[in-house]
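Participant: When you get a sec, could you give me coordinates for this:
(one chain, ligands or ions: 2)
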Amino acid sequence: EAVRAGRGVLSGKKVLVTAGGTVERIDPVRYITNDSSGKMGFAIAKAARDMGAEVVLIAARTDAPLPEGVTVQRVESAKDMYDRVMSEFTDSDIVIKAAAVADYRPEQEAPVKIKKNGDTLSLTLVKTDDILETLGQRKTSQLLIGFAAETDHVEAHALDKLRRKQCDLIVANDVTVAGAGFGADSNKVQIYNADGLVRDLPFMTKEEVAVQLLLLAAERIPVKEA
Ligand code: CTP
Ligand code: CA
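Facilitator: Ligands and ions are numbered 1, 2, ... in the order given. Have a look, this model is predicted:
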């Protein structure tokens, strides 16, 4: 069985995983989020644990049960996630950014509930900091893995993200494929590095994708200089 095959390959390694959709507050009772279920990131955290890693899971909004045997840190916003990731990043061996991070947040969070005055309401949104791009600039010996959920030109968009964010691997999935991506229990992904396609995986469960990804990652962890 695949999980058993990988048993022990990550022992002594620290794996940092982000999962779920961030929540960007508009006011105390309203927010902006996205369709991420957190399942892919949770499957990665569990598989890394089963391969012997010390796992830190930074989890934003999710309905999935939190995995056991890993250190879970709950966050809400992209800003919270950024801060948590930066403080866990330095001593990590593998960093996997499966979270769906908001690209924009409300410029201001109203301190009290917004009342329905007037026929229209405009919200000004401002760009969030890109966590993965920042990690790409700061990385020393960490293996950095990003995700790219796309609806079109999957390979081109994924490779563009890999280069822009200086990831070692990017996991691309076409979220228009039935049964794959957001909310599903299965996924159909391609994994790329800077040279191009590394694996075109068949349709499989998110648990199986997690194992395949971590087996690839394990053999690519950079050797730390003493
Ligand atoms: N990501 C991040 N911080 C952000 C936005 C995205 O760390 N503020 C990470 C995601 O966790 C994912 C990768 O970047 O691993 C790609 O996310 P994606 O939304 O596909 O890419 P974007 O660069 O945001 O581009 P776009 O949404 O326009 O496709
Ligand atoms: Ca995005």
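Participant: Need the distance between the two termini of stretch 17-30.
Facilitator: 27 Å (C-alpha to C-alpha, to the nearest Å).
Participant: Flag every buried residue along that stretch.
Facilitator: 17-26 (16 or more other C-beta atoms under 10 Å). Bear in mind the C-beta positions are built from the backbone N, C-alpha and C, glycine included.
Participant: ditto for stretch 91-100
Facilitator: 92-100.
Participant: Now go through these and say which are in strands.
Facilitator: Of the buried residues of stretch 91-100, the ones assigned to strands by DSSP state E are 94-97.
Participant: can I get those residues in CSV with pLDDT?
Facilitator: Compiled in CSV, those are given as follows (pLDDT from 0 to 100):
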residue, pLDDT
Ile94, 98
Val95, 98
Ile96, 98
Lys97, 98
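Participant: The helix or strand containing Leu57 near ligand 1 at all?
Facilitator: Assigned by DSSP states H and E, Leu57 belongs to strand 54-59. No: counting by C-beta under 6 Å from any ligand atom, ligand 1 has no neighbours in strand 54-59; the shortest distance is 10.8 Å.
Participant: Likewise for stretch 61-75?
Facilitator: No: shown here: stretch 61-75 not in contact with ligand 1 (C-beta under 6 Å from any ligand atom), separated by at least 12.5 Å.
Participant: Please list the residues of this structure that sit near ligand 1.
Facilitator: Near ligand 1, when you scan the chain using C-beta under 6 Å from any ligand atom, you find 78, 97, 99, 101, 103, 128, 130-132, 146-149, 161.
Participant: Can you pull the phi/psi pair for Asp80?
Facilitator: phi -60, psi -50 (degrees, to the nearest 10).
Participant: Contacts only, for it.
Facilitator: Taking C-beta atoms under 8 Å, 6 or more residues apart in numbering as the contact definition, Asp80 lies against 22, 60.
Participant: Tell me where this protein has strands.
Facilitator: Using DSSP E, strands in the chain cover 14-19, 24-27, 30-32, 54-59, 71-74, 94-97, 104-106, 125-127, 143-150, 169-174, 186-187, 189-193, 196-200, 204-205.
Participant: any weak-confidence spans in the protein?
Facilitator: Applying pLDDT under 70 to the chain flags the ranges 1-5, 225-226.
Participant: Pick out the residue nearest the middle of it.
Facilitator: The centre of the chain sits closest to Ala98, judged by C-alpha atoms, centre = their mean, with a distance of 1.6 Å.
Participant: Show the contacting residues for that one.
Facilitator: 17-19, 40-41, 44, 147.
Participant: Quick check: closest non-adjacent residue to it.
Facilitator: Gly41 (3.5 Å; C-beta to C-beta, 6 or more residues apart in numbering).
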